[in-house]
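> predicted model and sequence follow; I will ask about them next.
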Amino acid sequence: MTALTAPAVRGGRRPGPWTRLAWVTWRQHRFMLAGVAALLGGLSLYLLIMGLKIRSAYASVAACHPATSAGCETLASLNAGYHSTAQTLSGLLQVVPVLVGVFAGAPLLARELETGTFRFAWTQGCGRLRWATTKLTLLAAALTAAAWAFSVLFSWYYHPFFVEGLDGVLAPQLFDLRGVVYAAWTLAAFAIGTLAGTAIRRTVPAMAASLATWAGLDLATALFLRKHYEAPLISRGADAGLRNAWVVSQWFTGPDGQQASQNTIRAVMQQAPARVQESRDVSVPLAWLGQHHYTQWWSYQPQSRFWHFQYIEGGWLLALSLVLLTATVWLIRRRAA
Amino acid sequence: MTTLTAPAPPGIRRPAVPWARLAWVTWRQHRAGLAGVAALFAGLGLLLLVNGLAMRGSLASLGLNACHPVSAPRCATQLSIFDSDYAIWRNTVPALLQVLPALIGVFTGGPLLARELESGTFRFAWTQGAGRTRWVLAKLILLAVPVTGAAAAFSLLFSWWYQPFLAEGSSLMAPVIFDLSGGVFAAWALAGFAVGAFAGIAIRRIVPAMAAALAGWAGLAVTTALYLRPAYQAPLVARLVRQGQYLIPARSYVTSAWWISPDGRPMSSSAVSSLIQRLERQGLNPKAWVIQHHYGQGITYQPESRFWPFQLIEGGWLLALALILGAATVWLVRRRAA
């Protein structure tokens, strides 16, 4: 490709060489894409193998008759190991979106700007706007699609545990990995990375900044934002809706209807008979408190709101990503260097 | 500083290593990185400090300080109140802190040498008054020491923060807690830094070196937690004595629960399920049969008394690994023409 030395004649301009830009994107980033593919591919293989094993284990427990015999109960208890491994794995998989953002998004533009090769890249047949837009769109689409496919596989893997009722679907570390939210977080990490790279123009600081930003956003969402997507339901005492629900808070109220502090509850419990205080079953002191007009209240989000929350979170993450990517392209247009 | 153009005449002593000047160069080049590490540890340390003080205040106001042990039945209600507030911290914070050695290795160790090699500034850096060997030794040592020191201080703070959960019955031998306590956390930080530096000189490109450092550290950490650490000393086996009761020391970490064959060895899950299926096909009652034939249920566990021996073993081999990687880094720096 030669650099154009004069403005193109109106009406005679060739259309944007999108296929050539796609080829350039592939050539420059094939190692990065191969790395992401290797990471997700290896994890997918593990999920596939373990998922089949877990399903056959649960199927053999379901086929075991009678269900309450010692033999069947022993078989069922052996599945506990699978569940704890799955929980550990779900914790580890939280980092995949941020890895994509840090290693794919941040160096994307920061490397060109740091090493000066942008002077070459931006003076080819098509200008910097098309170059940046094509790169960002193609890579964002590829990474988001890969993350979404992986989250579908994870949902399949974790399905037996949900059926058994071992976990609630709104549990923070599982909510993040399923539905549309995993792909949305990956896209957001990529967008944060590219904006950081364009703004900071040095690779390693851009990677650190995008890691810190994504981590802060993720923690803030999981801890504070997500429970407010919809007003939580309030329940007096335990009821059926609380099963595997996501408990936002719980508190006691006294006979006067006002909230009772921890000290008040403790003082009241001191007056309980010994068999109530020393009961191993938590429902016994709660029943005693109930007789003395102290009720326990729960504020929770029921499992039925899963997809609603997924769409809310996926939606605002998508909007954020589009804003950040647009800001990236705008910064590229603006910067003299 | 001028480059020497002729070998020094015999009898003249070689100049001493200009440690002060090399320290100044290291500081100038890496002050942003060191500031980043300091900010990270300080920020997390502040978080742990605030939360730890809040936890201790809550324990005092709930009256759990007067309960010995804390898991006594009469304190169950207060304990459940404390748990509902702080269980999320106990479950998530140690898991999140696991990545700190990886971050240090990736962001401090990886770009250390890879930046110089990728951008070509090594041609300038290696032709100053002190040669490349002294330069790389000074960099590695002068950066490893503050990083390891900061990690050691942080792990002390973590041990203080985790104290209330230990009183509740959590075990120091649990993998995520073991990694962060004692001296092992500092050793992991040092090993992460060494892996990063070695990846930098071996790969000579920044982003691939960082990715390789991360992959190397992750592989090392997973292998250690799953295979190495349980093998430092074989776990102890305890049989089920009464229904639901195991006589094991407090705060032991249960590694697995198995059936035990009559000769005292744990049976694998497939062996157990095939035994049960065989018995049921023969129409026998498995529960009565296994009791009659002296099979037992048991657990394997690591007692807390092994904490310091395991810490010494793990810290020792991590330190050795860091030294080997450091020596390999220096050797590669000397060898490489570019």
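Ah, there it is.

> whether stretch B:190-202 contacts chain A - can you check?
No. On the criterion CB under 8 Å from any CB of the partner chain, stretch B:190-202 is out of touch with chain A, staying 11.4 Å away. Every C-beta, even on glycine, is put in place using the N, C-alpha and C of the backbone.

> to clarify, my last question referred to stretch B:173-184.
No. Residues of stretch B:173-184 are not located near chain A by CB under 8 Å from any CB, the shortest gap being 9.2 Å.

> give the buried residues for that stretch.
Neighbour-count burial for stretch B:173-184 flags B:173, B:175-184 (criterion: 16 or more other CB atoms under 10 Å in any protein chain shown).

> contact partners for residue A:171?
Contact analysis of residue A:171 by CB atoms under 8 Å, 6 or more residues apart in numbering or on different chains lists residue A:246.

> for chain B, which segments count as strands?
For chain B, the strands defined by DSSP state E occupy B:236-239, B:253-260, B:296-302.

> put the alpha carbons of the second one into PDB.
Which is strand B:253-260. Only the C-alpha atoms of strand B:253-260 are listed here, as PDB (Å, rounded to 0.1, in the frame of the first residue of the first chain):
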ATOM      1  CA  TYR B 253      -7.900 -28.800  57.800                       C
ATOM      2  CA  VAL B 254      -9.800 -31.800  56.500                       C
ATOM      3  CA  THR B 255      -8.400 -32.700  53.100                       C
ATOM      4  CA  SER B 256     -10.800 -35.400  52.200                       C
ATOM      5  CA  ALA B 257     -13.500 -37.700  53.600                       C
ATOM      6  CA  TRP B 258     -13.400 -41.300  52.500                       C
ATOM      7  CA  TRP B 259     -14.400 -44.800  53.400                       C
ATOM      8  CA  ILE B 260     -11.600 -46.700  55.000                       C
END
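
> between strand B:296-302 and that strand, find me the angle.
Angle, strand B:253-260 to strand B:296-302, by axes from the mean of the first three to the mean of the last three CA atoms, to 10 degrees: 150 degrees.

> is the helix or strand where residue A:92 lies anywhere near chain B?
Secondary-structure element containing residue A:92, defined by DSSP states H and E: helix A:80-92. Yes. Against chain B, helix A:80-92 shows contacts by CB under 8 Å from any CB at A:80-81, A:91.

> next, the angle strand B:253-260 makes with that helix.
Helix A:80-92 runs at 150 degrees relative to strand B:253-260, counting by the same axes, to 10 degrees.

> helix A:80-92: how far from the chain's middle?
The chain centroid and the centroid of helix A:80-92 are separated by 17 Å, computed with CA atoms, centre = their mean, to the nearest Å.

> what is the mean pLDDT for it?
For helix A:80-92, mean pLDDT rounds to 86.

> residues in contact with that helix?
For helix A:80-92, the external contacting residues (CB under 8 Å, 6+ apart) are A:50, A:53-54, A:57, A:154, A:157-158, A:161, A:166-167, A:173-174, A:177, B:95, B:256-257, B:269.

> next one: stretch A:293-305
Contacts of stretch A:293-305 (CB under 8 Å, 6+ apart): A:168-170, A:227, A:229-230, A:232-238, A:241-255, A:260, A:265, A:268, A:286, A:289-290, A:309.

> re the thing from before, could you dump the buried residues of stretch B:173-184 into JSON lines with pLDDT added?
Shown next, in JSON lines, are the buried residues of stretch B:173-184 (pLDDT from 0 to 100):
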{"residue": "B:173", "pLDDT": "88"}
{"residue": "B:175", "pLDDT": "87"}
{"residue": "B:176", "pLDDT": "87"}
{"residue": "B:177", "pLDDT": "92"}
{"residue": "B:178", "pLDDT": "92"}
{"residue": "B:179", "pLDDT": "92"}
{"residue": "B:180", "pLDDT": "93"}
{"residue": "B:181", "pLDDT": "91"}
{"residue": "B:182", "pLDDT": "85"}
{"residue": "B:183", "pLDDT": "89"}
{"residue": "B:184", "pLDDT": "95"}
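
> so where's the stretch 151-300 of chain A shaky on pLDDT?
For the stretch 151-300 of chain A, the stretches with pLDDT under 70 are A:238-241, A:262-263, A:277-282.

> what's the single longest helix in chain B?
Ranked by residue count, the top helix of chain B under DSSP state H comes out as helix B:19-62.

> count the neighbours of residue B:142 for me.
Counted with other CB atoms under 10 Å in any protein chain shown, residues neighbouring residue B:142 total 17.

> same deal with residue A:332?
By other CB under 10 Å, 21 other residues sit near residue A:332.

> and it, what pLDDT?
With respect to pLDDT, residue A:332 has a value of 93.

> separation between residue B:21 and residue B:28?
Separation of residue B:21 from residue B:28 (CB to CB, to the nearest Å) stands at 11 Å.

> who has more neighbours out of these two?
Legend: neighbour count by other CB under 10 Å for residue B:21 and residue B:28, higher for residue B:21 (14 against 8).

> and the stretch 101-250 of chain B, which residues reach chain A?
Residues of the stretch 101-250 of chain B lying near chain A by CB under 8 Å from any CB: B:103, B:107, B:111, B:115, B:119, B:206-208, B:210-211, B:214.

> going through those, which ones are buried?
Buried residues within these, counting neighbours by 16+ other CB under 10 Å: B:103, B:107, B:111, B:115, B:206-208, B:210-211, B:214.

> now render the residues you listed as a markdown table, adding pLDDT.
Listed next are these as a markdown table, based on pLDDT from 0 to 100:
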| residue | pLDDT |
| --- | --- |
| B:103 | 93 |
| B:107 | 94 |
| B:111 | 94 |
| B:115 | 93 |
| B:206 | 94 |
| B:207 | 94 |
| B:208 | 94 |
| B:210 | 96 |
| B:211 | 95 |
| B:214 | 95 |
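
> closest one of those residues to residue B:250?
When those are ranked by distance to residue B:250 (CB to CB), residue B:103 comes first, at 34.1 Å.

> tally up the residues packed near residue B:167, please.
By other CB under 10 Å, the residues close to residue B:167 number 17.

> ok so, going back, could you export the buried residues of stretch B:173-184 as CSV, including distance to residue B:237?
Shown next, in CSV, are the buried residues of stretch B:173-184 (distance: CB to CB, whole Å):
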residue, distance to residue B:237
B:173, 16
B:175, 20
B:176, 24
B:177, 23
B:178, 20
B:179, 25
B:180, 28
B:181, 25
B:182, 25
B:183, 29
B:184, 25
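
> and the helices in chain B?
B:19-62, B:76-97, B:100-104, B:110-119, B:122-125, B:132-168, B:175-178, B:184-203, B:206-223, B:229-231, B:269-281, B:286-292, B:307-335.

> CSV for those, including distance to residue A:189?
Formatted as CSV, the helices of chain B follow (distance: least, CB to CB, whole Å):
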stretch, distance to residue A:189
helix B:19-62, 19
helix B:76-97, 17
helix B:100-104, 16
helix B:110-119, 19
helix B:122-125, 32
helix B:132-168, 26
helix B:175-178, 24
helix B:184-203, 22
helix B:206-223, 15
helix B:229-231, 32
helix B:269-281, 38
helix B:286-292, 51
helix B:307-335, 30
